[in-house]
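> One predicted model, sequence on top.
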Amino acid sequence: MIQNSMIWGRFLSAGLQSCRCRVRCPVQRHYSFLPDDVKSLRAVVNPDVSKIRNIGIMAHIDAGKTTTTERMLYYSGYTRALGDVDDGDTVTDFMAQERERGITIQSAAVTFDWKNHRINLIDTPGHVDFTLEVERALRVLDGAVAVFDASAGVEAQTLTVWRQAEKHHIPCVCFLNKMDKPTANLSFSIESIKQKLKANPVLLQIPVGSGKSFTGVVDLLTNQKLIWKLKSQRDDGRGFEVKSLGPADDPELLQVVGEARTALIEQVADLDDAFAELLLTDFSDNFDAVPAIRLQEAVRRVTLARKGVPVLCGSSLRNKGVQPLLDAITAYLPAPSERHHDLVKWYKDDLCALAFKVLHDKQRGPLVFLRIYSGTLKSQTAVHNINRNNTERMSRLLVPFADQHVEIPSMPAGNIALTVGLKQTVTGDTIVSSKAAAAAAARRARSDGGTGKKRGEEAGVVLSGVEVPDPVFFCTIEPPTMAKQADLENALTCLQREDPSLKVRVDPDSGQTVLCGMGELHIEIIHDRIRREYGIETHLGPLQVAYRETILQEARTSDTLDRTVGGRRHVVTVELSVRPEVATSAGASCDVAFTDELQGQLSPDMREAVENGVQSSYLQGPLLGYPIQGVSTLIQSVSTEAGTSPAMVSACVSRCMLKAFRLAGGKLLEPLMSLEVTVSEDRLSAVLADLAQRRGTVRDIQSRHDDKVLLATVPLAEMMGYSTVLRTVTSGNATFSLELDTYEAMNPQEQSSLLKRRAGLL
Ligand SMILES: Nc1nc2c(ncn2[C@@H]2O[C@H](COP(=O)(O)OP(=O)(O)OP(=O)(O)O)[C@@H](O)[C@H]2O)c(=O)[nH]1
């Protein structure tokens, strides 16, 4: 049974007290490099691009990403003491809340060297509320390490993140962590990588010993045994024994290794033609004699082509297996020059970089993390921000060694840099050397694409922004006094620059500020940060679910607006029809079309005005003012008298749309969540009974060791406070994850009681 006090969804019901607060105070970190070392660091600050690895670590919450990162930093020599999430002194979880709660909230970039390679590593969060952070990190990375709890195999969030990595074609290495747990299971984990991720695991190591007696691994490429003979709990695992396997070794182990190595060679030969040819020509008598380096080269090609994923195992907490993982990062994951980016072709030697993270530092102001795709970034220079169409001066350039930042004068393509002085830049912006350079790149992109303007200008020069999912929760936020309103607005502006998934709007009726976020934890963290970082004690209103609205049937109507403003008469008549679209998925959008006849008649200005009117009416449905989805609008006719302004046309279209919505009749759509609960068998019935009361639908119940894994869908509105209830009914023996699945029509009774509640009738 997975008995984990750190329930995956433990924060949902929230209240800060429900979080994992195992730390009394943040511990001061000490770094192993003294000023001299910093000098030597500067010497290697710009390594050859082939030696750079921009790597992300991704996983389900609690799989051990942070612990693994800490070991990497320690073994690479950049930290003097081993950080421990349970003690709250990790480098990457550097925000106060992260240290206190022991979770990774924001991805932090850390830079270190390993065996002549520069590794820029982004630690990504595992909680679904912070999926956007993972997405943001992934798109600037060249490779990723997926960390798994070897007793649980592939868990819900890993699946989500894996899909994101696939979207960005990122080669991965898998690390089966927690091999020291009695329930760790290599073949189960491998099978779950195959089944759930639909990936092709290439097993490179065999564990030696299991559970508490897990001592190390056999490297299947070299047939060497790597054993960590730790003398005490405090032994840091820096040293380990490397011995070739021999006849004196356990016969069972020899047999397992022999079979696994043969399977590895055959698998790689199947995936890589060059390796298959080598085997058949030079080693046809004895495949086993193929040199380790040839096998390694082939595994690298397989990984880069994303035909397979190397799998290694270890236990980060017990300090075993992390050094071979670092070797695997440098051996199998790609250098920036091995990844294909159109931008490099279009910008050539001109600077092009993407801002993928903004942090606010009290002393230095906004710190912007940039991934440099082409050209060189230099300190004390002006750069052009394509998205904002402005030019800013960058004062300093830093290498982000976690909370130690080393200043450097310039940084070439392929690197990740931290810049000071960019005050307007927002996460997702593209930074280039000048407007002229952007125009030149646009020209190259156009001639390259051949199909005209759009491709070059939109897809090429301005990097596509991170897809920001729609928020599912919202609540009002109020400052303690009106005098603090301006401070609150400033804090929210700063936080939004860091976190595009946070939306802030002003309720048009009440004038109140409304926070919209990805989950209860997300909003709670924002609330907490406003208090800690900006010193404002705000009051949050009750958390509400972000519903959607759609229409029931087709409707056609017309409207005329006749208004005189400032002595000028505006007259416009619009006729349009609205029609429901079948799809009600989370992404189902609304569209607008014109009849063929109108297409030719309308001037571009009028067309834009009509579209604006339709789009603004999609933002607020007639039932409760939630956004409309799954509707298509056809504009049948538009007639205006001379002198009518486009703003009046938009206003008339919006009014006509509202009339059409009312005629068509509306219904509410509610967010439906995918729920995965892992629970011991004896508590399953209690979880099912609770779920039945929450309008949940059970999709499947699977077995995992002694546990049951329950897969269900359940309306988000029923999930408030779920972690507390789950903890109570299972005595803390369950974990859960929750993710937006789709939007679904509410049943008529639920809808009617919600409408009555909102109207104050219930
Ligand atoms: N038994 C065992 N426990 C481990 C191992 N690695 C990490 N842990 C424990 O697992 C828990 C989670 O570890 P973290 O490193 O915080 O995991 P994470 O994936 O970074 O979690 P988030 O940042 O919250 O997403 C902690 O209590 C660790 O001590 C391991 O190799 N073996």
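In hand now; what should we look at?
> Correct me if wrong, but residue 677 is in a strand.
Yes. Secondary structure of residue 677 (DSSP: H, G, I helix; E, B strand; the rest coil): part of a strand.
> There's contact between it and residue 735 in this structure, I believe.
Yes. Between residue 677 and residue 735 there is a contact under C-beta atoms under 8 Å: 7.4 Å. In short, each C-beta sits where N, CA and C put it, glycine included.
> Surely residue 203 is in contact with residue 220?
Yes. Between residue 203 and residue 220 there is a contact at 7.0 Å, judged by C-beta under 8 Å.
> which neighbours do those two share?
Counting by C-beta atoms under 8 Å, 6 or more residues apart in numbering, the shared contacts of residue 203 and residue 220 are 260, 264.
> Now do the helices in the stretch 601-750 of the chain.
Ranges of helices within the stretch 601-750 of the chain are 604-619, 646-664, 684-693, 722-730, 748-758, based on DSSP state H, counting those that start in this stretch.
> ugh, wrong one, I meant the stretch 401-550 of the chain
435-449, 453-454, 485-498, 520-534.
> what's the burial count for the closest residue to residue 169 other than its chain neighbours?
Closest residue to residue 169 apart from its sequence neighbours, by C-beta to C-beta, 6 or more residues apart in numbering: residue 306 at 6.6 Å. Using other C-beta atoms under 10 Å, residue 306 has 15 neighbouring residues.
> how near is residue 306 to the ligand?
24 Å (C-beta to the nearest ligand atom, to the nearest Å).
> Surely that residue and residue 168 touch.
No. Using C-beta under 8 Å, residue 306 is not in contact with residue 168, being 10.9 Å away.
> Could you report the distance from residue 378 to the ligand?
The value you get for residue 378 to the ligand, if C-beta to the nearest ligand atom is used, is 35 Å.
> For that residue, give me its contacts.
Going by C-beta under 8 Å, 6+ apart, residue 378 touches 397, 409-411.
> bridging residues for it?
Beta bridges link residue 378 to residue 410, judged by DSSP bridges.
> For residue 429, see how far away it is.
18 Å (C-beta to C-beta, to the nearest Å).
> got the domain boundaries for the protein?
As given by the TED database, the domain ranges for the chain are 49-338, 343-447, 473-545, 550-664, 669-759.
> I'd like those domains as CSV, with mean pLDDT appended.
As requested, the domains of the chain are exported to CSV (pLDDT from 0 to 100):
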stretch, mean pLDDT
domain 49-338, 85
domain 343-447, 85
domain 473-545, 87
domain 550-664, 90
domain 669-759, 87
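> Close to the ligand: what parts of the stretch 301-450 of the chain are there?
Contact residues, the stretch 301-450 of the chain versus the ligand (C-beta under 6 Å from any ligand atom): 315-318.
> Quick check: the farthest pair among these?
316 and 318 (7.6 Å; C-beta to C-beta).
> where do the strands sit along the stretch 101-250 of the chain?
108-114, 117-123, 143-149, 172-177, 201-203, 205-208, 216-219, 224-227, 241-244 (DSSP state E, counting those that start in this stretch).
> Just the element for residue 47, please.
Using DSSP states H and E, no element contains residue 47; it sits outside every helix and strand.
> got the contact list for it?
113, 116-118.
> Repeat that for residue 480.
Contacts of residue 480 by C-beta under 8 Å, 6+ apart are 536-539.
> Now with 7 Å, please.
Contacts for residue 480 were tallied using C-beta atoms under 7 Å, 6 or more residues apart in numbering; they are residue 537.
> do the same with residue 577
554-556, 634, 636.
> separation between it and residue 260?
65 Å.
> and the residue nearest to residue 169, helix, strand or coil?
Assignment for residue 306 (three-state DSSP): coil.
> what do you get for residue 761?
coil.
> doesn't residue 426 make contact with residue 497?
Yes. With contacts counted by C-beta atoms under 7 Å, residue 497 reaches residue 426, the gap being 4.9 Å.
> Those two - which one has more neighbours?
Taking other C-beta under 10 Å, residue 497 and residue 426 do not tie; residue 497 has more neighbours (21 against 18).
> one step back: ok, residue 316 and residue 318, which is more surrounded?
Taking other C-beta under 10 Å, residue 316 and residue 318 do not tie; residue 316 has more neighbours (27 against 22).
> From residue 710, how far off is that one?
Counting by C-beta to C-beta, the gap from residue 316 to residue 710 is 29 Å.
> How about residue 435?
56 Å.
> if you count what's nearby, which of these two comes out ahead?
residue 710 (22 against 13).
> Excluding sequence neighbours, find me the nearest residue to that one.
Residue 710's closest residue in space is residue 677 (C-beta to C-beta, 6+ apart), at 4.4 Å.
> Which positions are bridged to the one you found in the beta structure?
residue 710, residue 736.
> Distance from stretch 282-295 to the middle of the chain?
Centroid separation between stretch 282-295 and its chain, computed with C-alpha atoms, centre = their mean, to the nearest Å, is 41 Å.
> what are the ranges of the helices in the stretch 251-400 of the chain?
Under DSSP H, counting those that start in this stretch, the stretch 251-400 of the chain gives helices at 251-271, 273-282, 292-304, 322-332, 342-347.
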